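In: I would like the atomic coordinates for the input below:
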Amino acid sequence: MAVFRVQKTQNYTIMSNYHLNDKALSLKAKGLLSLMLSLPDSWDYTTRGLASICKEGVDGIRATVRELENAGYIIRRRVRDQSGQVRSMEYTVFEQPQKPEPENPVQAKPEREKPVQEKPAQENPAQENPTQLNTKETNNENSKYESDLIRTQYRNLILDNIEYALLAARNPTDRARLDELVHLMLDTVCARRKTIRIAQNDFPTEVVKSQFLKLNAEHIQYVLDRMRQNTTEIRNIKQYLLAALYNAPLTMENYYAAQINHDLYGRNRGDAIC
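Out: Sure thing, here's the model as predicted:
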């Protein structure tokens, strides 16, 4: 568990110097970890909560948190409900890096089963065709397993990037739309074709993939808001959502800037006319 020793009466924090002497950490990582160790247990340890008291934005905080995760100073665990859906994230902050839990036992099981698969080939050395067929079947199974594993990894990455649990809690009536966006993002990121058509233009798949993996909670919230406000008929919902997601980083900034200008200058004009 995280160790916090805070002396509010004297307005300073006592903490271990271990991470400050860790040459593998960047200055940003050392500073953020020091800040997190100085905060109370009840603090909002989401990227948005940390960004609210830092100069860096959500993207900068997220990148630094990942550095601390990779170094073992932060362990993040998904909290799921009875149906298996992710409901929240549980962060554990350590003063010293922790070793990741070994996963070798799970990966070692297929290796133990190999001798059993090899016995038929040893008993019938003259029959090569069945062995070749079994190899093809094994390769197909391995390929499918790797494909499913990659898809699961990308799904978890997308859920982390967009802070899915928080978005689901903030938009309970739009849960189906949120899941639809996640599914579309996952299909796009895992696509094997060379190009993806967005707004009647073909973009390299790698470019679209990179753009989608940069989307965060604010971008998805913006897309949900625009979908909720839209009153026109959408003929091709998939193409509409692809374009909305791909263009979200640019259109979001322009949209909110226009809203601010309207609220400020629009009211001033109204007051002047009155």
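
In: Count the residues that sit near R235.
Out: 7 (other C-beta atoms under 10 Å). Bear in mind the C-beta positions are built from the backbone N, C-alpha and C, glycine included.

In: looking at this, it is in a strand?
Out: No. Secondary structure of R235, determined by DSSP: H, G, I helix; E, B strand; the rest coil: coil, with no strand assignment.

In: for it, phi and psi?
Out: Phi and psi for R235, reported as degrees, to the nearest 10, are phi -80, psi -40.

In: ok, now R78?
Out: Main-chain torsions, R78, degrees, to the nearest 10: phi -80, psi 130.

In: Now do the contacts for it.
Out: 86, 89-90, 156, 159 (C-beta atoms under 8 Å, 6 or more residues apart in numbering).

In: now do 10 Å
Out: Counting by C-beta atoms under 10 Å, 6 or more residues apart in numbering, R78 touches 85-90, 156, 159-160, 164-165.

In: Would you mind checking these for buried ones?
Out: By neighbour count, with 16 or more other C-beta atoms under 10 Å, the contacts of R78 hold 88-89, 159-160, 164-165 as buried.

In: Out of those, which comes closest to V79?
Out: Within the buried ones among the contacts of R78, the smallest distance to V79 is 4.7 Å, found for S88 (C-beta to C-beta).

In: so what's that closest one scoring on pLDDT?
Out: The model reports S88 with a pLDDT of 69.

In: rewinding a little: so which of the buried ones among the contacts of R78 sit within helices?
Out: Residues of these located in helices (DSSP state H): 159-160, 164-165.

In: from the residues you listed, which two are the most distant?
Out: Greatest spacing in those, by C-beta to C-beta: D160 and A165 (9.8 Å).

In: which residues do the two both contact?
Out: The overlap between the contact sets of D160 and A165 (C-beta under 10 Å, 6+ apart) consists of 78, 86, 89.

In: R48: which of the residues you listed is nearest?
Out: Of all those, R48 sits closest to M89, with 11.7 Å by C-beta to C-beta.

In: who's in contact with the closest one?
Out: Counting by C-beta under 10 Å, 6+ apart, M89 touches 45-47, 76-79, 159-160, 163-166.

In: rerun that using 6 Å as the cut-off
Out: R76 (C-beta atoms under 6 Å, 6 or more residues apart in numbering).

In: again with the one 10 residues further on
Out: Contacts for K99 (C-beta under 6 Å, 6+ apart) come out as none.

In: Relative to K30, how far out is L181?
Out: To K30, L181 is 36 Å away according to C-beta to C-beta, to the nearest Å.

In: Could you check which of the two has the larger neighbour count?
Out: L181 (24 against 17).

In: Make sure P97 is actually in contact with I74.
Out: No. Under the criterion of C-beta atoms under 6 Å, P97 makes no contact with I74, lying 9.4 Å away.

In: With neighbour numbers in mind, choose between these two.
Out: Under the criterion of other C-beta under 10 Å, the comparison of P97 against I74 puts I74 first, with 24 against 18.

In: Looks like the more buried one contacts L68 (just checking).
Out: Yes. Because the distance of 4.5 Å satisfies C-beta under 6 Å, I74 is recorded as touching L68.

In: so what's S143 scoring on pLDDT?
Out: 56.

In: do the same with R112
Out: Looking at R112, its pLDDT is 51.

In: What confidence value was assigned to R77?
Out: At R77, the pLDDT value in this model is 78.

In: Quick check: closest non-adjacent residue to T195.
Out: D202 (4.2 Å; C-beta to C-beta, 6 or more residues apart in numbering).

In: Would you mind confirming that that neighbour makes contact with R193?
Out: No. Under the criterion of C-beta under 6 Å, D202 makes no contact with R193, lying 10.0 Å away.

In: Compare neighbour counts for those two and give me the winner.
Out: Of the pair D202 and R193, D202 is the one with more neighbours under other C-beta under 10 Å, namely 11 against 7.
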